[in-house]
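# this one's structure only:
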């Protein structure tokens, strides 16, 4: 006798297989596919995604959820079956609210707008992208209308990436971060610049790749359940916890971005590799939110790999391998170089101290667009105003201003806040780990990352979606999401580096 | 207004997307997947294959085929819509005859039998594999029973790989080939052996790979629509004509197998790259049979790349790059070395002159098993008898005898004949091309492969399944499948090399 829960679990297993398959198709497209394969791949990916959507949103799934809920009535709400049904019912409800005709229309609009964005950015002409973005914003407002009215229309968009987090919470977070981050950056700007010329010396690609793999291995990346390749844009993808793939790139003008990019993606990958295999073929077997995902990449890239203890351990090996690039650069000078703060026009090149300001600017614009307070036509001007206010910079053109990010052309509104949430949560986790393990920095200085990884496995990774993001942060750190640890971290670290 | 043909074409497009996706999943599994991914990949591939099967065999497809036939009644039977419906109706009828419960049971039996075969081969113990093979043969006989009785039960199995070819035709082909091939091999055995020690000198892997890629490029492989990687067993896979992937391997004891393996797979790949893109997302957009596929790999590997004119062109470059391996080996000695005939125990190591005898032995056994004339328990003895009869060899153990091939453990009965069909058809095509292009050998000696590739594109590749294998061979060569050109080719080539 099969229960409704068994039947539902079988269907969800098929849907998970289709999702994993789509992830692999997309990985292959970025990493291995010959260019001629693009059209065929477009058909394949869209068919797989459509079949996953159709299977999941079919009427029988709704009926099975109800029957399975009746079967498990009275179960502990934190038990696996109960949590599976909660998460599945939530996903089902959201997916069913959006009409198929809208999904198809949106796919067409976004495909055109992404092509238009590529051309507009190349020509640095916002005007060429404007009508497309207007259509995207219209669609996003229409998308919001499919959901019950809440405190703020932007909540609906945010919820797709950061379940349960509200616009008001994000705005409060920004209000807390903005003044102290702006003040810190201004203070740093008055101090002598850090000398980071060693970072732009010759770092041979093959050596850097080999060194990077050694470090990735030392952090705990499991190569029997993962691989690393090259791609135009670095990314991480999980095809279940037993097949997790990261990519890197080598940029001659910024060679160490290969290393720090690899460590960032390793942070994402360690999360994916750490999800409990027992729920891997269910909707519970995924990262709980983009913010929590980003907290892992930021933690390993910044809190760990841009720290002094980390380089106390690795600098001798780095020095031995890259003697010509490092010349007479010592550990202290290298540490400062990789933590140089510099206000820049481009988000993806931003350092720890300035990154959140790039995010805030975008999120404030998104919220105003969704509220209807801001017209798309006014974007370049608003962008310039905010860049002056937050970073004292004047974008010389649209390509280095409002056109720099792919997100809006792809309809990813509500996504940017997760970068800042990631930064904030990474510092909360780091603090909590340090409280429980006072030898944290000593462990890292002797190259022991197993204690940290074990703690993150237990506190973050293994849960998948068994906990909400809010439950996870509370359980791990003893407090809700809180900007204070990140601000304290920034002020202490950069105060020391810049002698403020 | 959508016609039934439009609706059917849409469904077949989805099924093709699923088939292409399964091919990519399998390629990735062999070439890129980390070992830990195996279980998850098993779920993914089996779900994708099942969804393709379910979608294709659904009742609505049968109804749409009938409606579309009515819509296109009176159309030229060689037109694309008519041929699409013929091929689709054939596939549908075959797929519908096999009950889903049988398919599931067969998958279980074959999975177990493949694992048992791996262990049995490692231990060289046929007895450990015997009960599994008995079950496989039972299933194959049951499979045959789902189809209308024909002239011979083996016809049903053959038809899955070589549509329209009968057991009687294969037996007649073997009767024609066997005596003259056995006589040729015996005559060769009486002549002094060819010196091929240069092939086992040191051929550095990286250089060999680079040289191999140059040759593959010269033959016409389109790298914008394909790629080449390493895998344990070389293979070619087409994800539509615009994404065709080959693999090679390097074996230290047999370094040039990298080159000839690459050229063999390139032959398969040129076929896949040459299929008319207009039918790529339909059941017409595939190779018409395994025999025709093999004719392309054999033609490029053997008729072209083991010919004297080919090396007249490439030997100077080979010599320059591999001076230490080739020492004072000249073109003539190298040509003889790569065409050395040697009776061997292992099919996959067999040369052109002996290969078909390995195939015949297996096919005769398969036919007797399906007829019920031969018991699985008697296989090792029958194997030894036939090896003595055809190749004057005594297998010292089961691993180098009856256990050497993966095919039976995977249920691939009816597959072996296509290797011999490939050899036979390759020579027919080669002859026909030579008649139309008397400068054939001169062109090849100056490195012009475009004329040959253009001819194969027109005669073989572009058609996909628009023609039957039989129509294709008749149209291209002016005659039905005929062993004479292959026999004449062998006798002339090896008569010259061995001075017979």
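Perfect, I can see it now. Predicted model only: the values in this text are computed from it and were never measured.

# check what pLDDT the residue in the stretch 351-500 of chain A that chain B sits nearest to gets.
Relative to chain B, the nearest point of the stretch 351-500 of chain A is residue A:464 (14.6 Å; Cβ to the nearest Cβ). Bear in mind the C-beta positions are built from the backbone N, C-alpha and C, glycine included. pLDDT recorded at residue A:464 is 98.

# what's the answer for the one 3 residues further on, then?
Per-residue confidence for residue A:467 comes out at a pLDDT of 97.

# doesn't it belong to a helix?
No. Residue A:467 is assigned coil when assessed by DSSP: H, G, I helix; E, B strand; the rest coil, not a helix.

# does it touch residue A:473 like I think?
No. Judged on Cβ atoms under 8 Å, residue A:467 makes no contact with residue A:473 at a distance of 9.1 Å.

# please say which of those two ends up with more neighbours.
Under the criterion of other Cβ atoms under 10 Å in any protein chain shown, the comparison of residue A:467 against residue A:473 puts residue A:473 first, with 26 against 19.

# and that one, how far from residue A:80?
21 Å (Cβ to Cβ, to the nearest Å).

# what number of residues lie near the residue nearest to residue A:279 when sequence neighbours are not counted?
Counting by Cβ to Cβ, 6 or more residues apart in numbering or on different chains, residue A:279 lies nearest to residue A:285, which is 4.4 Å off, once chain neighbours are set aside. Residue A:285 has 23 neighbours, counted by other Cβ under 10 Å.

# residue A:285: what secondary structure?
Three-state assignment for residue A:285 (three-state DSSP): coil.

# contacting residues for the closest residue to residue A:78 other than its chain neighbours?
Excluding the flanking residues, the one nearest residue A:78 by Cβ to Cβ, 6+ apart is residue A:466, at 7.5 Å. Applying Cβ atoms under 8 Å, 6 or more residues apart in numbering or on different chains to residue A:466 gives the contacts A:78, A:80, A:83, A:276, A:279, A:284.

# for residue B:28, see how far away residue A:466 is.
29 Å.

# equivalent analysis for residue A:269, please.
Taking Cβ to Cβ, one finds residue A:269 at 18 Å from residue B:28.

# next one: residue A:43
According to Cβ to Cβ, residue A:43 and residue B:28 sit 18 Å apart.

# and what of residue A:79?
Computed as Cβ to Cβ, the residue A:79 to residue B:28 distance reads 36 Å.

# so which of those two has more stuff around it?
residue B:28 (22 against 12).

# who's in contact with residue A:406?
Applying Cβ under 8 Å, 6+ apart to residue A:406 gives the contacts A:114, A:117, A:412.

# oh, I was asking about residue A:446
Residue A:446 makes contact with residue A:313, according to Cβ under 8 Å, 6+ apart.

# can you pull the residues of the stretch 1-150 of chain A lying near chain B?
The stretch 1-150 of chain A comes close to chain B at residues A:13-14, A:17-18, A:20-21, A:24-25, A:28, A:32-37, A:39-41, A:43-44, A:47-48, A:51, as judged by Cβ under 8 Å from any Cβ of the partner chain.

# next step: the residues you listed restricted to helices.
Among the residues of the stretch 1-150 of chain A next to chain B, the ones falling in helices (DSSP state H) are A:13-14, A:17-18, A:20-21, A:24-25, A:28, A:39-41, A:43-44, A:47-48, A:51.

# quick one, which of the residues you listed are buried?
Taking 16 or more other Cβ atoms under 10 Å in any protein chain shown as the criterion, what is buried in these is A:14, A:17-18, A:20-21, A:24-25, A:28, A:40-41, A:43-44, A:47-48, A:51.

# how far off centre is stretch A:64-76?
Counting by Cα atoms, centre = their mean, to the nearest Å, stretch A:64-76 is centred 34 Å from the centre of its parent chain.

# so the residue nearest the centre of chain A, which of the three states?
Centroid-nearest residue in chain A: residue A:294, 4.0 Å away (criterion: Cα atoms, centre = their mean). Of the three states, residue A:294 takes helix under three-state DSSP.

# residue A:322 touches residue A:207, doesn't it?
Yes. Counting by Cβ under 8 Å, residue A:207 is a contact partner of residue A:322 at 6.7 Å.

# so those two - more neighbours on which side?
residue A:322 (21 against 13).

# show me the contacts for that one.
So residue A:322 contacts A:203, A:207-208, A:211 (Cβ under 8 Å, 6+ apart).

# before we move on, what about residue A:391?
With Cβ under 8 Å, 6+ apart, residue A:391 has these contacts: A:185, A:343-344, A:354, A:357-358.

# go through the contacts of residue A:406 and flag which are in helices.
Using DSSP H, A:114, A:117 are the members of the contacts of residue A:406 that sit in helices.

# most neighbours of all the contacts of residue A:406, which one?
The residue in the contacts of residue A:406 with the most neighbours, by other Cβ under 10 Å, is residue A:117 (22 neighbours).

# strands of chain A, residue ranges please.
Secondary structure of chain A (DSSP state E): strands at A:226-230, A:236-238, A:244-248.

# highest average neighbour count across those strands?
Highest mean neighbour count among these (mean count of other Cβ atoms under 10 Å in any protein chain shown): strand A:244-248, with a mean of 25.

# what helices and strands are in contact with it?
Applying 3 or more Cβ pairs under 8 Å, 6 or more residues apart in numbering or on different chains; DSSP states H and E, one finds that strand A:244-248 makes contact with helix A:4-31, helix A:205-219, strand A:226-230, strand A:236-238, helix A:257-274.

# and for that strand, what's in contact with it?
Under Cβ under 8 Å, 6+ apart, the answer for strand A:244-248 is A:27, A:30-31, A:209, A:212, A:216, A:221, A:225-231, A:233-239, A:258, A:261-262, A:265-266, A:268-269, A:272-273.

# again, only this time at 7 Å
With contact meaning Cβ atoms under 7 Å, 6 or more residues apart in numbering or on different chains, strand A:244-248 is reached by A:27, A:31, A:212, A:225-231, A:234-238, A:258, A:261-262, A:265-266, A:269, A:272-273.

# ok, for residue A:369, nearest residue in space, not its chain neighbours?
residue A:137 (5.2 Å).
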